[in-house]
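In: Following is a predicted model, sequence given first.
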Amino acid sequence: MTEPNAGLNTTALETRAEKTSDGYLVNGRKIWTTTGQEADKIMLLARTTPKENCKKATDGLSIFYTDMNRDYMDVRIIDKMGRKAVDSNEVFIDNLPVPKEDLIGEEGKGFYYLLHSLNPERVLVGMEAIGLGMNALSRAAQYAREREVFGRPIGMNQAIQHPLAENWMELEAAYLMAMKAASNYDAGLEAGVYANAAKYLGGEAGFKACTQAVMTHGGMGYAKEFTVERLMREVMICRIAPVSPQLVLCYVAEKALGLPKSY
Ligand SMILES: Cc1cc2nc3c(=O)[nH]c(=O)nc-3n(C[C@H](O)[C@H](O)[C@H](O)COP(=O)(O)OP(=O)(O)OC[C@H]3O[C@@H](n4cnc5c(N)ncnc54)[C@H](O)[C@@H]3O)c2cc1C
């Protein structure tokens, strides 16, 4: 989905799929394509009708599930701060032939198909951040119980206890929001605002808990041996992707509070 000039504003994407006698010819550039080094297939969102010929910007986009044919694609790995278990890539696509049977559903409806998967993904990423935060918090609490400074455990100090207690409450609250979003989605009820709220609250609470865990460990928080520095790096992506905190706030303001769309 994501391109150098189209991240949060998906409909601005510039990759084109032009019709040929037996399918499509794709040209364009993608970024942050996950597992591009390993994949045999790619799920690709491309514009099949120019934006200026569409009634709405969300029309005219199509999804393809096609071979990752490296004769027509240059896949370049991005060196990144965390999430090392999967590679992320830039993909340069040059005259990639795509057979017409690799089109998913109807041509031009790709954006609407995509919407169906966005809410569960937000819940999933929110939960990922909550899990990272809870893990960091339990490590911090254990360290606070055991580490003695000035002749007593550091966890006896309220300046150490209170932020951890706050982390616990925020993580639990984010968890409940994620469960509400997931159960609404499963029941076919309105899930958008709750899924976005779960992603936001999970990301923020997770990040705060991971950062606090590093601080609770003092100097050892910076040492790889205690793992919390890794959790802090890993949780960062849950704030950024697939939607940023700012854009969640815009969405919630619009959909939950009826305020004018601001983006
Ligand atoms: C590790 C990683 C893995 C990823 N995996 C995938 C993947 O598998 N597939 C895929 O398609 N994409 C993937 N992405 C892309 C990810 O979804 C985008 O990076 C994300 O949507 C943000 O888009 P952007 O980077 O273009 O940010 P931009 O759109 O350039 O935004 C930059 C900043 O400006 C802010 N901003 C923009 N507009 C407004 C506004 N109106 N009001 C307030 N603030 C605003 C944003 O909130 C953000 O903070 C991945 C990214 C990363 C880092």
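Out: Arrived safely.
In: quick one: contacts for the closest residue in space to residue 67 that isn't next to it in sequence?
Out: Excluding its sequence neighbours, the residue lying closest to residue 67 (CB to CB, 6 or more residues apart in numbering) is residue 41, at 6.3 Å. Where C-beta positions appear, they are placed from N, C-alpha and C, glycine not excepted. By CB atoms under 8 Å, 6 or more residues apart in numbering, the contact set of residue 41 is 65, 66, 67, 68.
In: repeat that for 10 Å
Out: Residues in contact with residue 41 (CB atoms under 10 Å, 6 or more residues apart in numbering) are 64, 65, 66, 67, 68, 69, 102.
In: for residue 143, same thing?
Out: 153, 154, 155, 160, 213, 216, 217, 218, 220, 221, 226, 228.
In: measure residue 237 to residue 30 for me?
Out: 18 Å (CB to CB, to the nearest Å).
In: So for those two, which sits in the more crowded spot?
Out: residue 30 (24 against 19; other CB atoms under 10 Å).
In: Could you double-check that that one sits in contact with residue 4?
Out: Yes: with contact defined as CB atoms under 10 Å, residue 30 reaches residue 4; the gap is 8.5 Å.
In: what is in contact with the two at once?
Out: Joint contacts of residue 30 and residue 4 (CB under 10 Å, 6+ apart) are 13, 90.
In: Residue numbers of the chain in contact with the ligand?
Out: 1-2, 7-8, 32-34, 80, 83, 88, 237, 240-244, 246-247, 250, 263 (CB under 6 Å from any ligand atom).
In: Buried ones only from the contacts of residue 143, please, as a ChimeraX command.
Out: Buried members of the contacts of residue 143, defined by 16 or more other CB atoms under 10 Å, are picked up in ChimeraX with:
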select :154,155,160,213,216,217,221,226,228
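In: Surely residue 71 is in a strand?
Out: No: with DSSP: H, G, I helix; E, B strand; the rest coil as the criterion, residue 71 is assigned coil and is not in a strand.
In: Could you list which residues are in contact with it?
Out: With contact taken as CB under 10 Å, 6+ apart, residue 71 is in contact with 94, 95, 96, 97.
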